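# quick one, structure for this:
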Amino acid sequence: MSHTAHIPSHRKPRRSASKLALRAGVAGGVLGTIAVAGAAGPANAEPVTETIEMPTLGSLDTAGLASAVAASAETSQQEALDQSLEAQENAALQKAAKEAKKAKAEADRKAEAERAEKARAEAEAKAKAEQERQEAQERASRDRARTQLSTTSTSDSGSSSTVSGSSSSDSGSSGSSDSSGNAGSSTETQAPSGSAAAIVAFARAQIGDAYVMGGTGPNSWDCSGLVQAAYRAAGIDLPRISGDQSSRGTSVSLSNLQPGDILYWGSRSGSYHVAIYVGGGNYVGAQNPSTGVVERSLDWDTPSGAVRIL
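The predicted structure follows:
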């Protein structure tokens with residue numbers, strides 16, 4: 001054999017620093033444990049006569065240990081991932097629940113608003129229909145009143161001229177009639193003329209209007225507001241309050257009434273209600289909120305007295 005031939009080395013291959021450190025740590029731990037156990041033993045313990053064979057670094061299963069560490073790390077990572085996914089799912093569920101609750105509340109609000117709008121529209125339509133019906137009745141009533149007033153004026157004008165032609169022959173009987181106190185009934189059969197006609201026409205034209213406390217027209221009145229407006233139509237100014245109105249003019253008996261006279265309820269200077277006598281035993285007045293402006297018979301609610309302004 002040549003002296004330069006290759007001679008295999010008998011040295012062990014070098015181990016990596018990490019493996020050496022791992023084995024040194026394990027060996028140190030084992031030795032430390034034995035030392036602690038020896039120190040904790042009784043003081044009079046017999047000396048060790050046998051030697052304990054320490055495990056060598058080569059006998060440790062480093063591959064299995066690394067595998068266990070890797071498996072543990074993978075398990076921890078998987079658990080963390082599962083927890084993160086669960087947290088995300090819970091957050092998504094909570095968000096979806098909040099959005100569903102919000103959507104339901106919005107839908108309920110819209111439905112309630114639609115119901116309220118529908119009810120309002122129905123109420124407005126009903127009120128409009130009722131108002132139109134009342135206005136139609138009022139127009140019909142006013143037309144009848146105007147027609148009646150016109151017819152009465154025409155017929156009474158003819159009878160008035162007839163009476164004038166025969167006044168000289170009937171003067172005696174007329175005088176006896178006046179002295180007996182029945183002049184009111186004979187005058188009542190005549191249609192109002194001049195200012196009285198204007199007052200009566202205005203009052204009857206307001207029949208069907210509403211009664212409102214303090215109302216002075218044009219579509220709602222209280223009792224004294226109607227009387228004041230009717231007299232203003234004839235060019236006569238009256239106070240606003242019923243007590244002041246009934247204190248004006250001269251007092252007349254209910255058996256001697258003429259169209260245009262003011263009727264009052266209560267004392268003359270302290271009346272609480274007034275109306276206008278329109279002839280035929282009837283009067284027109286703004287009675288109360290339930291009836292409004294109406295024409296009534298004196299027997300329906302007999303007044304306390306009357307005054308004459310004209």
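# could you use CA atoms for every contact and neighbour count after this?
Fine.
# I'd like the average pLDDT over the helix or strand containing L81.
Element membership for L81 (DSSP states H and E) is helix 62-165. Helix 62-165 shows a mean pLDDT of 75 in the predicted model.
# next, give phi and psi for G243.
In terms of degrees, to the nearest 10, the main-chain angles of G243 are phi -60, psi -40.
# who touches it in this structure?
Residues in contact with G243 (CA atoms under 8 Å, 6 or more residues apart in numbering) are 268-272.
# between the residues you listed, which is closest to L226?
Lowest distance from L226 to the contacts of G243 (CA to CA) belongs to Y272, with 14.1 Å.
# helix, strand or coil for the closest one?
Following DSSP: H, G, I helix; E, B strand; the rest coil, the label given to Y272 is strand.
# that one and G266 touch, don't they?
Yes. Y272 is in contact with G266 according to CA atoms under 8 Å; the separation is 6.0 Å.
# so I276 belongs to a strand, correct?
Yes. Secondary structure of I276 (three-state DSSP): part of a strand.
# look up phi and psi at the closest residue in space to A234 that isn't next to it in sequence.
Spatial nearest neighbour of A234, excluding adjacent residues (CA to CA, 6 or more residues apart in numbering): S195 at 5.1 Å. Phi and psi for S195, reported as degrees, to the nearest 10, are phi -60, psi -40.
# relative to E122, how far out is S195?
Taking CA to CA, to the nearest Å as the measure, S195 falls 46 Å from E122.
# these two: which is more packed in?
S195 (19 against 12; other CA atoms under 10 Å).
# verify the stated contact: that one with R232.
No. Using CA under 8 Å, S195 makes no contact with R232, being 9.9 Å away.
# min pLDDT across the contacts of G243, which one?
On pLDDT alone, S269 ranks lowest of those, at 88.
# quick one: what helix or strand has it in it?
Going by DSSP H and E, S269 is not part of any helix or strand.
# returning to that earlier point: which residues touch the residue nearest to A234?
By CA under 8 Å, 6+ apart, the contact set of S195 is 234-235, 310.
# can I get those residues in a markdown table including secondary structure?
Below are these laid out as a markdown table (three-state DSSP):
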| residue | secondary structure |
| --- | --- |
| A234 | coil |
| G235 | coil |
| L310 | coil |
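# in ChimeraX, select just the buried ones from those residues.
Buried residues among the contacts of S195 (16 or more other CA atoms under 10 Å), as a ChimeraX selection:
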select :234
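# let's see the helix or strand V294 falls within as CSV, backbone CA atoms only.
Assessed by DSSP H and E, V294 sits inside strand 293-297. Extracted in CSV, the C-alpha atoms of strand 293-297 (Å, rounded to 0.1, in the frame of the first residue of the first chain):
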residue,chain,number,x,y,z
VAL,A,293,-128.0,80.0,13.2
VAL,A,294,-131.7,78.9,12.9
GLU,A,295,-135.2,80.2,12.6
ARG,A,296,-137.5,79.3,15.4
SER,A,297,-141.0,80.0,16.6
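# quick one, phi psi at W265?
Here the main-chain torsion angles of W265 (degrees, to the nearest 10) amount to phi -120, psi 130.
# what's the burial count for it?
By other CA under 10 Å, 20 other residues sit near W265.
# so what's it up against?
Residues near W265 by CA under 8 Å, 6+ apart: 271-274, 303-305.
# picking up where we left off before, which parts of the strand holding V294 are buried?
Buried residues in strand 293-297, counting neighbours by 16+ other CA under 10 Å, are found at 293-296.
# would TSV of those with distance to S220 and pLDDT be doable?
Converted to TSV, the buried residues of strand 293-297 look like this (distance: CA to CA, whole Å; pLDDT from 0 to 100):
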residue	distance to S220	pLDDT
V293	8	97
V294	12	96
E295	15	97
R296	18	95
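# and of those, the nearest to S255?
Nearest member of these to S255, counting by CA to CA, is R296, at 16.8 Å.
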